[in-house]
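# the amino acid sequence is not available; the structure is as follows:
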(Lines give C-alpha, C1' and ligand atoms only; values in the text may rest on other atoms or scores of the structure.)
Protein backbone atom coordinates (compact mmCIF):
# COMPACT_ATOMS: atom_id res chain seq x y z
CA UNK A 1 0.00 0.00 0.00
CA UNK A 2 1.44 3.39 -1.00
CA UNK A 3 0.77 6.46 1.11
CA UNK A 4 1.17 10.13 0.28
CA UNK A 5 0.23 13.34 2.05
CA UNK A 6 -1.94 15.56 -0.15
CA UNK A 7 -3.76 18.67 1.09
CA UNK A 8 -2.78 17.81 4.66
CA UNK A 9 -4.48 14.40 4.49
CA UNK A 10 -2.84 11.00 4.19
CA UNK A 11 -3.95 9.23 1.02
CA UNK A 12 -3.38 5.53 0.30
CA UNK A 13 -3.64 3.42 -2.81
CA UNK A 14 -2.72 -0.19 -3.61
CA UNK A 15 0.63 -0.98 -5.26
CA UNK A 16 -1.29 -2.49 -8.18
CA UNK A 17 -2.43 0.95 -9.38
CA UNK A 18 0.75 1.25 -11.46
CA UNK A 19 1.79 -2.36 -12.02
CA UNK A 20 5.39 -2.93 -12.97
CA UNK A 21 6.48 0.69 -12.42
CA UNK A 22 8.22 -0.06 -9.14
CA UNK A 23 10.01 -2.97 -10.77
CA UNK A 24 11.65 -0.60 -13.25
CA UNK A 25 13.38 1.25 -10.42
CA UNK A 26 16.31 3.25 -11.71
CA UNK A 27 15.82 1.97 -15.26
CA UNK A 28 12.71 4.13 -15.71
CA UNK A 29 14.63 7.33 -16.52
CA UNK A 30 16.77 5.91 -19.36
CA UNK A 31 13.78 3.99 -20.69
CA UNK A 32 11.67 7.17 -20.65
CA UNK A 33 14.36 9.03 -22.58
CA UNK A 34 14.66 6.31 -25.26
CA UNK A 35 10.87 6.02 -25.64
CA UNK A 36 10.53 9.80 -25.84
CA UNK A 37 13.18 10.06 -28.58
CA UNK A 38 11.50 7.43 -30.73
CA UNK A 39 7.95 8.72 -30.16
CA UNK A 40 9.01 12.28 -31.02
CA UNK A 41 10.95 11.02 -34.05
CA UNK A 42 7.79 9.31 -35.27
CA UNK A 43 5.72 12.43 -34.63
CA UNK A 44 8.20 14.66 -36.46
CA UNK A 45 8.35 12.25 -39.39
CA UNK A 46 4.57 11.84 -39.56
CA UNK A 47 3.85 15.57 -39.46
CA UNK A 48 6.76 16.81 -41.60
CA UNK A 49 7.42 14.15 -44.26
CA UNK A 50 6.09 15.41 -47.56
CA UNK A 51 5.60 18.92 -46.14
CA UNK A 52 9.14 19.79 -45.09
CA UNK A 53 11.80 19.10 -47.73
CA UNK A 54 14.45 18.70 -45.01
CA UNK A 55 12.65 15.66 -43.53
CA UNK A 56 12.93 12.97 -46.21
CA UNK A 57 13.64 9.87 -44.09
CA UNK A 58 13.08 8.71 -40.50
CA UNK A 59 16.82 9.31 -39.96
CA UNK A 60 16.28 13.01 -40.78
CA UNK A 61 13.48 13.08 -38.18
CA UNK A 62 15.72 11.33 -35.63
CA UNK A 63 18.53 13.80 -36.35
CA UNK A 64 16.17 16.75 -35.85
CA UNK A 65 14.75 15.24 -32.64
CA UNK A 66 18.18 14.62 -31.09
CA UNK A 67 19.55 18.05 -32.03
CA UNK A 68 16.43 19.70 -30.62
CA UNK A 69 16.41 17.47 -27.55
CA UNK A 70 19.98 18.42 -26.69
CA UNK A 71 19.23 22.08 -27.57
CA UNK A 72 22.10 22.01 -30.07
CA UNK A 73 19.89 22.90 -33.03
CA UNK A 74 22.21 23.27 -36.01
CA UNK A 75 19.49 25.11 -38.03
CA UNK A 76 19.99 22.84 -41.02
CA UNK A 77 16.54 21.36 -40.33
CA UNK A 78 13.71 23.50 -39.00
CA UNK A 79 10.01 22.80 -38.68
CA UNK A 80 8.00 25.51 -40.44
CA UNK A 81 4.87 27.15 -39.14
CA UNK A 82 3.41 27.57 -35.69
CA UNK A 83 2.75 23.85 -35.20
CA UNK A 84 6.36 23.02 -36.14
CA UNK A 85 7.71 25.58 -33.70
CA UNK A 86 5.43 24.34 -30.93
CA UNK A 87 6.57 20.76 -31.57
CA UNK A 88 10.20 21.92 -31.45
CA UNK A 89 9.63 23.76 -28.16
CA UNK A 90 7.93 20.69 -26.67
CA UNK A 91 10.82 18.44 -27.71
CA UNK A 92 13.37 20.85 -26.21
CA UNK A 93 11.61 21.41 -22.88
CA UNK A 94 10.65 17.77 -22.35
CA UNK A 95 14.08 16.61 -23.46
CA UNK A 96 15.90 18.82 -20.99
CA UNK A 97 13.70 17.61 -18.14
CA UNK A 98 14.31 13.99 -19.12
CA UNK A 99 18.07 14.61 -19.18
CA UNK A 100 17.89 16.18 -15.72
CA UNK A 101 15.95 13.17 -14.44
CA UNK A 102 18.50 10.80 -15.96
CA UNK A 103 21.35 12.73 -14.34
CA UNK A 104 19.52 12.69 -11.00
CA UNK A 105 19.12 8.91 -11.16
CA UNK A 106 22.77 8.43 -12.08
CA UNK A 107 24.24 10.70 -9.40
CA UNK A 108 21.92 10.44 -6.40
CA UNK A 109 23.09 8.33 -3.46
CA UNK A 110 22.21 4.65 -3.52
CA UNK A 111 19.10 3.73 -1.52
CA UNK A 112 17.50 0.38 -0.89
CA UNK A 113 13.85 -0.25 -1.63
CA UNK A 114 12.21 -1.49 1.57
CA UNK A 115 8.71 -0.31 2.59
CA UNK A 116 8.27 1.04 6.11
CA UNK A 117 5.39 -0.77 7.80
CA UNK A 118 4.25 2.40 9.59
CA UNK A 119 4.35 5.14 6.91
CA UNK A 120 5.04 3.32 3.63
CA UNK A 121 8.26 5.17 2.75
CA UNK A 122 9.94 2.99 0.12
CA UNK A 123 13.57 4.19 -0.14
CA UNK A 124 16.00 4.12 2.78
CA UNK A 125 19.74 4.39 3.32
CA UNK A 126 21.35 0.93 3.14
CA UNK A 127 22.41 1.07 6.79
CA UNK A 128 19.19 2.63 8.15
CA UNK A 129 17.88 1.26 11.43
CA UNK A 130 14.90 3.62 11.70
CA UNK A 131 12.66 5.14 9.04
CA UNK A 132 13.72 8.68 8.20
CA UNK A 133 10.09 9.83 7.87
CA UNK A 134 8.43 8.34 10.96
CA UNK A 135 11.16 6.76 13.12
CA UNK A 136 9.68 3.26 12.93
CA UNK A 137 12.18 0.44 13.46
CA UNK A 138 13.25 -1.14 10.15
CA UNK A 139 14.57 -4.62 9.62
CA UNK A 140 16.19 -4.22 6.23
CA UNK A 141 17.63 -7.56 5.18
CA UNK A 142 21.28 -7.48 4.17
CA UNK A 143 23.79 -9.90 2.78
CA UNK A 144 25.88 -10.07 5.96
CA UNK A 145 26.59 -13.12 8.10
CA UNK A 146 23.66 -14.32 10.16
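Here it is on my side, so go on. It should be emphasised that the depicted structure is a prediction, and the values quoted were computed from it without experimental measurement. Numbering: from 1, shown residues only.
# okay, now the unreliable bits of the protein?
1-26, 109, 144-146 (pLDDT under 70).
# same question for stretch 50-67: list its buried residues.
52, 55, 60-65, 67 (16 or more other C-beta atoms under 10 Å). Placement of C-beta: from N, CA and C, glycine included.
# contacts for that stretch?
By C-beta atoms under 8 Å, 6 or more residues apart in numbering, the residues outside stretch 50-67 that reach it are 37, 40-42, 44-45, 48-49, 73-74, 76-80, 84, 91.
# show me where this structure has its helices.
Assigned by DSSP state H, the helices in the chain fall at 21-24, 28-48, 58-69, 81-107.
# most tightly surrounded among those helices?
Mean neighbours per residue, mean count of other C-beta atoms under 10 Å, is largest over the helices of the chain for helix 58-69, with a mean of 20.
# find the centremost residue of the chain, please.
Most central in the chain under C-alpha atoms, centre = their mean is residue 29, positioned 3.9 Å from the mean C-alpha point.
# if we can go back for a sec, what's the closest of the helices of the chain to residue 135?
Of all those, helix 21-24 sits nearest to residue 135, with 23.8 Å by C-beta to C-beta.
# verify the stated contact: residue 121 with residue 131.
Yes: in this structure residue 121 lies within contact range of residue 131 using C-beta atoms under 8 Å: 5.7 Å.
# centre of the chain to stretch 35-43, how far?
Here the centre of stretch 35-43 is set off from its chain's centre by 14 Å, with C-alpha atoms, centre = their mean, to the nearest Å.
# and stretch 70-87, by the same measure?
Distance, centroid of stretch 70-87 to centroid of chain: 23 Å (C-alpha atoms, centre = their mean).
# ok, and what's touching it?
Residues outside stretch 70-87 that contact it (C-beta under 8 Å, 6+ apart): 43-44, 47-48, 51-52, 54-55, 60, 63-64, 67, 88, 92, 95-96, 99.
# alright, that wraps it up for me.
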